[in-house]
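Chemist: the amino acid sequence is not available; the structure is as follows:
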């Protein structure tokens, strides 16, 4: 849990240093925010690593298709990175970039979920065809 | 967790800000702009390295 306290401290420190940089060095303040966001996200992902391992083990126990579980995990990864990038865009006042990135994230997630949708359609066809 | 990076970015920002003020007051606007740009590029390279590390971490964890 040591890294949690370090992360929380780093965020507070970045806020204070960002204020110290002021309006004159706004681009450096944004880069400082980005660096801290990336570092704290790295800590969060390191904490998520055992959770993902547990999910994989549960998937094995339930005899789930590993490819399907992989799609779900990839979707989570894309969602996390997309949300992080959107937050940085929002902070720097780039609304258009934020919306575009949201669109890109949504598109990528839909693209990844296509095999799942295909399987769902096949299942529905099988059920309705059997009636 | 690399706390030093936060201090480095803040220090570069403060130094660039002071240099910018000094150069602008002495009538060297072009040099002030170039100093700001150089500081920005240095910090951007440091941050880009961290972003690449985060992407690698996400790729390895979520099986990309």
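Modeler: Arrived safely, thanks for sending. If you're wondering where the values come from, they're calculated on a predicted model, not measured in any experiment. Numbering: from 1, shown residues only, chains lettered A, B, ... in the order given.
Chemist: quick check: residues of chain A near chain B?
Modeler: A:3, A:6-7, A:9-10, A:13-14, A:17, A:20-22, A:24-25, A:27-29, A:31-32, A:34-36, A:38-39, A:41-43, A:45-46, A:48-49, A:52, A:70, A:73-74, A:76-77, A:80-81 (Cβ under 8 Å from any Cβ of the partner chain). Quick note: C-beta positions are derived from backbone N, CA and C, even for glycine.
Chemist: filter those to the buried ones?
Modeler: If you count burial by 16 or more other Cβ atoms under 10 Å in any protein chain shown, the buried members of those come out as A:3, A:6-7, A:10, A:13-14, A:17, A:21, A:25, A:27-29, A:31-32, A:34-36, A:38-39, A:41-43, A:45, A:48, A:52, A:70, A:73-74, A:76-77, A:80-81.
Chemist: which helix runs longest in chain B?
Modeler: helix B:29-61 (DSSP state H).
Chemist: and that helix with chain A, contact?
Modeler: Yes - under the criterion of Cβ under 8 Å from any Cβ, chain A is reached by helix B:29-61 at B:39-40, B:43-44, B:46-47, B:50-51, B:53-55, B:57-59, B:61.
Chemist: which strands or helices does that helix pack on?
Modeler: Secondary-structure packing of helix B:29-61 (3 or more Cβ pairs under 8 Å, 6 or more residues apart in numbering or on different chains; DSSP states H and E): helix A:26-61, helix A:66-91, helix B:3-25.
Chemist: what are the buried residues along it?
Modeler: Buried residues in helix B:29-61 (16+ other Cβ under 10 Å): B:32, B:35-36, B:39-40, B:42-43, B:46-47, B:50-51, B:54, B:57-58, B:61.
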